[in-house]
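Novice: pasted the sequence and its predicted model underneath.
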Amino acid sequence: MHAIPFEIPPPKNEADFERMCAHVYGVVFDDRMPKMNGRRGQVQGGVDVFVKEAGVGRVGIQCKKYTMKPVKWDDVVDEVGKADKHGTPIKKLILATTAPNDAALLKKVQELSDAREAKGLFPVEVEFWEDICNHIDRFPVLQDSYAPNSPGAAYHRQDAALSNLQTLVLEQRDTLLGMSALPTARLDSVDRLISDQLDRTNELLKAGRYRDALDHLAVVGKDLGPFDAHQKARWYLQKGLSLWFMRVDDGESAQLFLKAYELYPDDERMAAAQVRGLMLEKKLPEARSAGEAALERFPDSQQVWFALANARLVQGELVRMSDVPEALKQEPDTLQFVAQAELKAGNLDAAIKFSQEAANHPAAAFFIRANALRIAAECGSRFPVGAMAGALPVRETKALEFAVAQFNPWHERLWQVQSESVTETVAHLGYALLMLHRFGDALALAKDAEA
């Protein structure tokens, strides 16, 4: 039997416990705005904290800090009576306490709750200190506050340190259309030499040599005078992609994407770039409208469909594999895009499955492998006790092992990529190795990264 590797001390006073309950149950019920019910000394109608539960409604939390004293049946009856007497507008009442578990009391509360529901009254639950600790164990964001030395808390801090844009667009770099988003030359371009030079930029981007691509573009674009409109648009789009992949300046990338579209709106890749630029500027309704208009013009465009789907995803819509055009379903970018959507929806099996299929594709590049790693690491971090004890569930263990293998050997699949995203990927890889208890490999990775 594995012992819990960290202990969470009960709060010191009632006020701290009430604030803790607001935080914990706000996370548990996914309510970002839990409400404290008045202040101490006021009539509270049996409720200290209100939270909203999806599909249920308002839930009342009565916070009882008894430390190690048992909660009595009379206490439960008293608090339920207060809520009934004052007509407290709740759909459920939870009595949360720092007292230890009491099986006999739990059974009586369950019987009371069933009887009340049969009469059309709100149900009642009791949550002991062990129940509250279990909630904390399940959510890395709570571990960060109440068990900061746990692996889940460490992963949450790393994840929270990523750019604000990453939160906004759901790892849009990972959902980018890989190298298929790179602009290709037009056969009717007059100066073939310029097209050949821009094709060379594409090759550098495909190889992950983003700094080299920028240097090459600086030389090629010293004078854009000889460029035709499409070649100018290609140059701006390639520069925007280079900066975006490197994570240098998303604001500048957005302007470059929009400039590319302005110069040549009659290319599907430039139309997709416009959508991406608007999203980077956080103009989501405009991005959605631009994507819908572009899809009407280019109904068979892979790039435009993905740009619009990404805008839909950011606006809260769920994009499933059944929504994907048949011709795109086996593309690695499709698979990893759907994997991101499934992860956001909480469907871990599907997220892992699609991310692995994408990473296994012959055309999978660095960002697709990084995406599979990030999904595996996030799934594994949801079991902090198992990670600490070396007893992760089989699904998470296999997902981590698969993802780690995608970066072997490191010198070819990691260190040669010219992007700040490598730093994040190394961190995720390090956490994955630690969760697999491969401490020697994790140390070697850290030394390599430091060098």
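Specialist: Structure's in. What do you need?
Novice: sketch out the low-pLDDT regions of this structure for me.
Specialist: Scanning the chain for pLDDT under 70 picks out 1-7, 38-45, 67-68, 147-181, 248, 418-420.
Novice: show me the contacts for the nearest residue to residue 324 once chain neighbours are set aside.
Specialist: In space, and not counting its chain neighbours, residue 324 is closest to residue 334: 5.6 Å by CB to CB, 6 or more residues apart in numbering. Glycine gets a C-beta too; all of them are placed from N, C-alpha and C. Shown in contact with residue 334 (CB atoms under 8 Å, 6 or more residues apart in numbering): 306, 324, 328, 358.
Novice: going by distance to residue 27, which of the residues you listed wins?
Specialist: Of all the contacts of residue 334, residue 358 has the smallest distance to residue 27: 30.2 Å, by CB to CB.
Novice: check which helix or strand the closest one maps to.
Specialist: helix 348-360 (DSSP states H and E).
Novice: quick check: buried residues in that helix?
Specialist: Residues of helix 348-360 classed as buried by neighbour count (16 or more other CB atoms under 10 Å): 348, 350-359.
Novice: and which of these is nearest residue 267?
Specialist: Comparing the buried residues of helix 348-360 against residue 267 with CB to CB places residue 358 closest, at 26.0 Å.
Novice: hang on, the earlier thing: what is the helix holding residue 358 packed up against?
Specialist: With contacts taken as 3 or more CB pairs under 8 Å, 6 or more residues apart in numbering; DSSP states H and E, helix 348-360 sits against helix 332-344, helix 366-381, helix 394-405.
Novice: how about the ones you listed, which one is nearest residue 428?
Specialist: Closest to residue 428 of the helices and strands packed on helix 348-360 is helix 366-381 (CB to CB; 4.6 Å).
Novice: after that closest one, next one along is what?
Specialist: helix 384-389.
Novice: alpha carbons of that next one, as CSV, please.
Specialist: Only the C-alpha atoms of helix 384-389 are listed here, as CSV (Å, rounded to 0.1, in the frame of the first residue of the first chain):
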residue,chain,number,x,y,z
PRO,A,384,0.0,13.1,-8.6
VAL,A,385,0.0,10.4,-5.9
GLY,A,386,0.5,7.7,-8.5
ALA,A,387,3.3,9.7,-10.1
MET,A,388,5.1,10.2,-6.8
ALA,A,389,4.8,6.5,-5.9
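Novice: mind giving me the packing neighbours of that helix?
Specialist: In terms of contacts (3+ CB pairs under 8 Å, 6+ apart), helix 384-389 is packed against helix 151-160.
Novice: surely residue 395 touches residue 349?
Specialist: Yes: at 7.2 Å, residue 395 counts as touching residue 349 under the criterion of CB atoms under 8 Å.
Novice: so who does residue 401 touch?
Specialist: Shown in contact with residue 401 (CB under 8 Å, 6+ apart): residue 436.
Novice: which residue of the chain lies farthest from its centroid?
Specialist: residue 190 (45.5 Å; CA atoms, centre = their mean).
Novice: before we move on, the earlier item: same list, the helices and strands packed on helix 348-360, but as TSV with distance to residue 73 please.
Specialist: Shown next, in TSV, are those (distance: least, CB to CB, whole Å):
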stretch	distance to residue 73
helix 332-344	43
helix 366-381	39
helix 394-405	41
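Novice: quick check: which of those is nearest to residue 76?
Specialist: Among the helices and strands packed on helix 348-360, helix 366-381 comes nearest to residue 76, with 35.9 Å by CB to CB.
Novice: and for residue 397, the neighbour number?
Specialist: Using other CB atoms under 10 Å, residue 397 is surrounded by 19 other residues.
Novice: please apply the same query to residue 236.
Specialist: The burial count for residue 236: 26, using other CB under 10 Å.
Novice: for it, give its distance to residue 97.
Specialist: 62 Å (CB to CB, to the nearest Å).
Novice: cool, residue 447 as well?
Specialist: Residue 447 sits 48 Å away from residue 97 when distances are taken as CB to CB.
Novice: chain neighbours aside, what residue packs nearest to residue 49?
Specialist: In space, not counting the residues next to it along the chain, residue 49 is nearest to residue 61; the distance is 4.0 Å by CB to CB, 6+ apart.
Novice: which ones are touching the closest residue to residue 34 other than its chain neighbours?
Specialist: Nearest non-adjacent residue to residue 34, counting by CB to CB, 6+ apart: residue 26, 3.8 Å away. Neighbour list for residue 26: 32-34, 51 [criterion: CB under 8 Å, 6+ apart].
Novice: around residue 197, how many other residues sit close by?
Specialist: Residue 197 has 18 neighbours, counted by other CB under 10 Å.
Novice: and it, how far from residue 226?
Specialist: Remark: distance between residue 197 and residue 226 (CB to CB) = 11 Å.
Novice: and the next helix or strand past whichever strand or helix holds the residue nearest to residue 34?
Specialist: For residue 26, the host element (DSSP H and E) is helix 14-28. Proceeding N to C from helix 14-28, the next assigned helix or strand is strand 35-36, under DSSP H and E.
Novice: against which helices or strands is that following strand packed?
Specialist: If contacts are counted by 3+ CB pairs under 8 Å, 6+ apart, strand 35-36 sits against helix 14-28, strand 49-53.
Novice: for those, give me JSON lines that also has distance to residue 126.
Specialist: JSON lines is the format used below for these (distance: least, CB to CB, whole Å):
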{"stretch": "helix 14-28", "distance to residue 126": "13"}
{"stretch": "strand 49-53", "distance to residue 126": "15"}
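Novice: tell me which of those lies nearest to residue 109.
Specialist: Using CB to CB, the nearest of the helices and strands packed on strand 35-36 to residue 109 is helix 14-28, at 17.2 Å.
Novice: residue 216 and residue 184, how far apart?
Specialist: Noted for residue 216: a distance of 17 Å to residue 184, by CB to CB.
Novice: same check, this time on residue 103
Specialist: Distance from residue 103 to residue 184, by CB to CB: 69 Å.
Novice: okay, those two: which has more neighbours?
Specialist: Each of residue 103 and residue 184 has its neighbours counted (other CB under 10 Å); residue 184 has more, 14 against 7.
Novice: for that one, grab phi and psi.
Specialist: When read as degrees, to the nearest 10, the backbone of residue 184 gives phi -100, psi 160.
Novice: got the contact list for it?
Specialist: With CB under 8 Å, 6+ apart, residue 184 has these contacts: 199, 202, 269.
Novice: tell me, how many residues neighbour the last one?
Specialist: Other residues near residue 269 number 24, with proximity taken as other CB under 10 Å.
Novice: just use 11 as the starting number from now, easier for me
Specialist: Shifting the count to begin at 11 puts that one at residue 279.
Novice: wait, it sits on residue 196?
Specialist: No: using CB under 8 Å, residue 279 is not in contact with residue 196, being 11.4 Å away.
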